[in-house]
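>>> Below is the structure, and that's it, no one-letter string:
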């Protein structure tokens, strides 16, 4: 397994220059940096080369995370809206391929965070999402990119809340690039058993997000990490395990994630780095 972390652990906003984190995560003991695909929409070829060259220089694998807006919704029932979303994904996937990034994950079958003040129809939206994800997944397949559907808790999404639903959706799409992204934070809310969800997903598991019940780094909450690691070993999972902690109560990141209090003393110099460095050592120990 390769161990990574999402850049937003250190940031208040999503659309920032993330290149500097390639060196940082290497120095902290990580193998992988996950970046936001939102920053790729208007990116220059020169900036893409910076990411690509930095990753090569420091021996870091890059993965992509995308939280599509309502205007980029693949489950939209309006065909013109869905067609626009497909083209947004085409552009992002082509840029990922150029940057030698071969994994994209997130709620990339709907939009995030869902606005529950608006009406929705799960069955209708499921059918639209299957139709449009199939189109995008074929683009990803041609580019050699794993298209990983994140299973989200009920407060952030309504289409895929459990591993079982994700597996059903993947069967409906029936394109080889489509995989499941399981996240321990979301599984802790929705699954009867985190271990059983991992075992059920098996070789369809394309990406893993890890974080505590309280959104801190692994080892700072109450999730059963030894059991989670054992389950991943049982299915012979060899891909990326990316921490996605959110601990700061400021900016657009905190607002979207709903962090209304400082989850740790992030103002203490070096605290975020020390926690991340300790967490990756902890995970390597319990997962390997």
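Structure's in. What do you need? Please read all numbers here as calculations on a predicted model, not as lab measurements.
>>> in the chain, which spans are helices?
20-28, 45-58, 79-98, 122-143, 163-173, 184-190, 194-201, 225-234, 251-257, 271-287 (DSSP state H).
>>> Give the buried residues for the last one.
Read it as helix 271-287. 272, 275-280, 283, 287 (16 or more other Cβ atoms under 10 Å). In this view, the C-beta of every residue, glycine as well, is placed from N, C-alpha and C.
>>> Switch these over to TSV, and while doing so, append pLDDT to every line.
Below are the buried residues of helix 271-287 laid out as TSV (pLDDT from 0 to 100):
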residue	pLDDT
272	97
275	97
276	98
277	98
278	98
279	98
280	98
283	98
287	97
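>>> Out of the residues you listed, which comes closest to residue 6?
Comparing the buried residues of helix 271-287 against residue 6 with Cβ to Cβ places residue 276 closest, at 10.5 Å.
>>> ok, now how distant is that closest one from residue 247?
Per Cβ to Cβ, to the nearest Å, residue 276 is found 10 Å from residue 247.
>>> Need the residues touching each of those two.
Residues touching both residue 276 and residue 247 (Cβ atoms under 8 Å, 6 or more residues apart in numbering) are residue 9.
>>> Among the helices of the chain, which comes closest to residue 153?
helix 184-190 (4.2 Å).
>>> Go ahead and measure how far that closest one is from the middle of the chain.
Offset of helix 184-190 from its chain centre (Cα atoms, centre = their mean, to the nearest Å): 14 Å.
>>> same check, this time on stretch 103-112
From the chain centre to the centre of stretch 103-112 is a distance of 7 Å (Cα atoms, centre = their mean).
>>> What distance separates the opening and closing residues of that stretch?
19 Å (Cα to Cα, to the nearest Å).
>>> Report the mean confidence score over that stretch.
Stretch 103-112 carries an average pLDDT of 98.
>>> again with stretch 80-100
Rounded mean pLDDT across stretch 80-100 is 98.
>>> just so I know, which of the helices of the chain lies nearest residue 69?
Nearest of the helices of the chain (Cβ to Cβ): helix 79-98, 9.2 Å.
>>> Packing partners of that closest one?
Contacts defined by 3 or more Cβ pairs under 8 Å, 6 or more residues apart in numbering; DSSP states H and E place helix 79-98 against helix 45-58, strand 61-66, strand 103-106, helix 122-143.
>>> Buried residues, it. List them.
81-82, 85-86, 88-89, 92-93, 95-97.
>>> Identify all contacting residues around it.
By Cβ under 8 Å, 6+ apart, helix 79-98 touches 37, 40-41, 43, 48, 52, 64, 66, 68, 71-76, 102, 104, 108, 128, 131-132, 135-136, 139-140, 143-145.
>>> So what angle separates the directions of it and strand 61-66?
Angle, helix 79-98 to strand 61-66, by axes from the mean of the first three to the mean of the last three Cα atoms, to 10 degrees: 170 degrees.
>>> buried set for stretch 178-189?
178-188.
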